[in-house]
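# Task: produce atomic coordinates for the following.
(chains A and B)
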Amino acid sequence: MSHWIPIVLFSPLITGLLALVLPNRGHLRPVLGLVGSLVLLGAAIGLFSETADGTIAYYHFGEWPPPFAISYAADILSSLMVLVSAVVSVGTAIFAFADDDDTASAKGYHGFVHIMVFGVCAAFLTADLFHLFVAFEILLIASFALLVLKGGRAQYEGGLKYVALNLFASLMFLSGIGLLYGMLGSLNMADLAQLAAASDEPARLSLAAVLLCAAFSMKAGLFPLYFWLPASYHVPSTTVSAIFAGLLTKVGVYALFRVIPLIFAADWSYFQAWLLPIANFTMVLGVFGAVTQKNFRRLLSFHIISQIGYIILGLALFTPLALAGAVLFLIHNILVKTNLFYIAGYIERLRGTGNLKYLGGLYKERPGLALLFLLSALSLGGLPPLSGFWAKYMIVRAALEAGAPVSAGVALFTGFFTLFCMMKVWTEVFWKKPPEVNADRPGAEPASEAAGRKRPALPRLPVFAAVFTIVAFNGLALAIGLYPEPLIQLAQQAAHQLIDPSDYIQQVLGNMP
Amino acid sequence: MTVLLSIVTGVLFATGLYMMLRRSLTKLLLGLLLLANAANLLIFTAAKPVKGHSPLVAEGAQALERSAADPLPQALILTAIVIGFGVLAFAVILFSRVYLNTGSDDSEQLTQTES
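Numbers count the residues shown, from 1 in each chain, chains lettered A, B, ... in the order given. Okay, here's the model as predicted:
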């Protein structure tokens, strides 16, 4: 039994609940959020160091024997994801000082963020299918609240699309669980894996498998069910959209990695035949969507989709190299994407608009910020020696080795367009002359527009918090890029554990007969 | 009994999906409600309900003596109902806010965040 698991789970939950009930005075709530996320980071490091050598950490709540207990378990993939989530949680807590908005804090922003992180960590660690559903619902309902916290027309409209599609996906997930339980009589994933392997009617399981797969794909933002994502991710405040971009779709991706190869291993070739084209379409259509966008954060939202395509390509190939590449890509993408959203939000804060047409001249004004953006953007595009390069290299090479040259070509083509798109942002935001102020600017942007020029300079604490977060995330991504060896080894071990889950099954079930 | 429940579940899924595909937001919401009930009923039916035998171990015995109803699906449904209730309550408020802000019940009009 690993005692880090309950600490990882309860620290964000307790932080979140405290932040909801404590009075909203001074910096009380933000400081509590920072302390809570640092505790989470500590526990995540503890859990990670326990699993880094390939041991499976597990915890059965109430010490019931498996499979009756509600089991939580962590292999390398889970604990890596928890660790990165904790890093993003700390980053969000620091950046919240820069984006600090008294009304958001009063409405419970800090509470909802930490409850969402609780849901995310629970989803990464659980070994129980129904608990995965509960974790999804916890993070969803907290994210619903965060999405509409600002409370304007755009927020309500974006929220409507997000809520409707995600509720529908949850109901598909629930139906899949119901069918699976009816057929196999268990909910513990390790137990289900054994029962499904021994099942004499594997064809009947396929229905549940398809329902689960469709539900996870919808939450991950895969083709053709991704339209809710760019319609909603750019409407909330900067900090919220950064943590959404970093973590939420990745929970759907993680669920695909965890559940489908484990439980439905017999059907795997069938899924593979579907996942390859889906991954290709997701990559291409995501990046094509991005090229035409005018709003900075909406453009980045389309890039989330195309990046998810790469990760799913790694899953679809299912070779050790491809899976290791996908794991590396997940880590790299969470860090870089969150950082790009921070930068976009900071620029929006500086200029009062996120519309590329009305931005410009920032290179002259803030060369440091320009450099930081360029590092993240090139890393997203996959230029060596930045972190995105290694992940893309591994996935493309795996695609060539596995005899999927079309997918390899699509991946390279998408990388080229990603780079093109990032260069477009670079020219629009940093290089071109700032537009003349600005009679024709439409009123569609928030009301702070008009005051944009006259707005007093940001106080020092917010500037420091924003710059610190952006520099720290860039530093992490750069460190992965320059010295990827340890992480690649971990990713290879994680890939090995995914391909051969017998150790996971044995550890979760303990010495069950 | 199982046949009847299966038919009811199917009808609920069909009507829920049909309602979700309409343009009106109110019907979208009703569709979600129907689908939530359909999913709960599906869990209940798929777990092969048995009539009249509660899963209680008799005094002195070590295990159940005869086949009995499985209590777990009902616990699952209870959890799902509670979660569904909370989420749908939120959705109702959100939909009414959208209506108050846009003055329209037509999903075709909600294009502001699409460009």
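# Now name the helix or strand holding A:His60.
Element membership for A:His60 (DSSP states H and E) is strand A:57-61.
# That strand pairs with which strands, parallel or anti?
strand A:70-74 (antiparallel) (DSSP bridges).
# Show me what the next helix or strand after the strand it pairs with packs onto, helices and strands only.
Using DSSP H and E, the helix or strand that follows strand A:70-74 towards the C-terminus is helix A:76-98. Where contact means 3 or more Cβ pairs under 8 Å, 6 or more residues apart in numbering or on different chains; DSSP states H and E, helix A:76-98 is packed against helix A:4-21, helix A:28-51, helix A:109-125, helix A:238-243, helix A:249-263, helix A:320-351, helix A:460-482, helix A:485-499. In this view, the C-beta of every residue, glycine as well, is placed from N, C-alpha and C.
# average pLDDT for helix A:76-98?
Mean pLDDT, computed over helix A:76-98, is 91.
# one step back: need the helices and strands packed on helix A:76-98 in JSON lines (columns: mean pLDDT).
JSON lines is the format used below for those (pLDDT from 0 to 100):
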{"stretch": "helix A:4-21", "mean pLDDT": "92"}
{"stretch": "helix A:28-51", "mean pLDDT": "91"}
{"stretch": "helix A:109-125", "mean pLDDT": "93"}
{"stretch": "helix A:238-243", "mean pLDDT": "88"}
{"stretch": "helix A:249-263", "mean pLDDT": "91"}
{"stretch": "helix A:320-351", "mean pLDDT": "90"}
{"stretch": "helix A:460-482", "mean pLDDT": "85"}
{"stretch": "helix A:485-499", "mean pLDDT": "90"}
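# Now distance to chain B and mean neighbour count too, for those, in JSON lines please.
Compiled in JSON lines, those are given as follows (distance: least, Cβ to the nearest Cβ, whole Å; neighbours: other Cβ atoms under 10 Å in any protein chain shown):
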{"stretch": "helix A:4-21", "distance to chain B": "15", "mean neighbour count": "20"}
{"stretch": "helix A:28-51", "distance to chain B": "22", "mean neighbour count": "21"}
{"stretch": "helix A:109-125", "distance to chain B": "12", "mean neighbour count": "27"}
{"stretch": "helix A:238-243", "distance to chain B": "12", "mean neighbour count": "27"}
{"stretch": "helix A:249-263", "distance to chain B": "16", "mean neighbour count": "23"}
{"stretch": "helix A:320-351", "distance to chain B": "16", "mean neighbour count": "25"}
{"stretch": "helix A:460-482", "distance to chain B": "25", "mean neighbour count": "18"}
{"stretch": "helix A:485-499", "distance to chain B": "27", "mean neighbour count": "19"}
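# between those, which one is nearest to B:Leu78?
B:Leu78 sits nearest to helix A:109-125 of all the helices and strands packed on helix A:76-98, at 19.4 Å, using Cβ to Cβ.
# starting at the chain centroid, how far to the closest one?
Put simply, helix A:109-125 sits 12 Å off its chain's centre (Cα atoms, centre = their mean, to the nearest Å).
# give me the number of residues near A:Thr292?
Per other Cβ atoms under 10 Å in any protein chain shown, the neighbour tally for A:Thr292 reads 10.
# got it, and A:Leu195?
A:Leu195 has 18 neighbours, counted by other Cβ under 10 Å.
# What distance do you get for it to A:Asn188?
Distance, A:Leu195 to A:Asn188, by Cβ to Cβ, to the nearest Å: 9 Å.
# Look up how far A:Cys213 lies from the residue in chain A that chain B sits nearest to.
Closest approach between chain A and chain B, counting by Cβ to the nearest Cβ: A:Gly182, at 2.8 Å. Per Cβ to Cβ, A:Gly182 is found 18 Å from A:Cys213.
# Looking at those two, which is more packed in?
Neighbours were counted for A:Gly182 and for A:Cys213 using other Cβ under 10 Å; A:Cys213 has more, 23 against 19.
# Skipping its backbone neighbours, what lies nearest the more buried one in space?
Nearest non-adjacent residue to A:Cys213, counting by Cβ to Cβ, 6 or more residues apart in numbering or on different chains: A:Ile260, 6.0 Å away.
# give me phi/psi at the closest residue to B:Leu110 other than its chain neighbours?
With Cβ to Cβ, 6+ apart as the criterion, B:Leu110 has its nearest non-adjacent residue at 4.8 Å, and that residue is A:Glu157. With angles defined as degrees, to the nearest 10, A:Glu157 sits at phi -70, psi -50.
# wait, what's in contact with A:Glu157?
In this structure, A:Glu157 makes contact with A:231, A:235, B:98, B:101-102, B:110, B:112-113, judged by Cβ atoms under 8 Å, 6 or more residues apart in numbering or on different chains.
# what's the farthest-apart pair in those?
Longest span within the contacts of A:Glu157, Cβ to Cβ: A:Ala231 and B:Asn101, 15.9 Å.
# The two - which one has more neighbours?
Between A:Ala231 and B:Asn101, counting by other Cβ under 10 Å, A:Ala231 is the more crowded of the two (24 against 17).
# Surely the more buried one is in contact with A:Val163?
No: with contact defined as Cβ atoms under 8 Å, A:Ala231 does not count as touching A:Val163 (11.5 Å).
# one step back: verify the stated contact: the residue nearest to A:Cys213 with A:Ala214.
No: between A:Ile260 and A:Ala214 there is no contact, the gap being 11.2 Å when judged by Cβ under 8 Å.
# can you tell me which residues contact the closest residue to A:His110 other than its chain neighbours?
In this structure, A:His110 finds its nearest non-sequential neighbour in A:Ala19, 4.0 Å apart by Cβ to Cβ, 6+ apart. Going by Cβ under 8 Å, 6+ apart, A:Ala19 touches A:29, A:32-33, A:36, A:108, A:110-111, A:114.
# and with 10 Å instead?
A:28-30, A:32-33, A:36, A:105, A:108-115 (Cβ atoms under 10 Å, 6 or more residues apart in numbering or on different chains).
# Do you know the pLDDT at the residue nearest to B:Ser107 when sequence neighbours are not counted?
Nearest non-adjacent residue to B:Ser107, counting by Cβ to Cβ, 6+ apart: B:Arg23, 5.2 Å away. pLDDT recorded at B:Arg23 is 85.
# Can you name the residue of chain B nearest chain A?
B:Ala46 (2.8 Å).
# Is that residue in contact with A:Leu174, as I believe?
No: the pair B:Ala46 / A:Leu174 is not scored as a contact, 11.3 Å apart, by Cβ atoms under 10 Å.
# quick one: which of the two has more around it?
Shown here are B:Ala46 and A:Leu174; by other Cβ under 10 Å, A:Leu174 has more neighbours (29 against 22).
# that older thread, which of the contacts of A:Glu157 fall in strands?
Members of the contacts of A:Glu157 lying in strands (criterion: DSSP state E): none.
# Can you select the buried ones among these for me in PyMOL?
Of these, the buried ones can be selected in PyMOL as follows, counting by 16 or more other Cβ atoms under 10 Å in any protein chain shown:
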select buried, (chain A and resi 231+235) or (chain B and resi 98+101+102+110+112+113)
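# Closest one of the contacts of A:Glu157 to A:Ala122?
Looking across the contacts of A:Glu157 and measuring by Cβ to Cβ, the closest to A:Ala122 is A:Val235, at 26.0 Å.
# What distance do you get for the closest one to A:Lys150?
8 Å.
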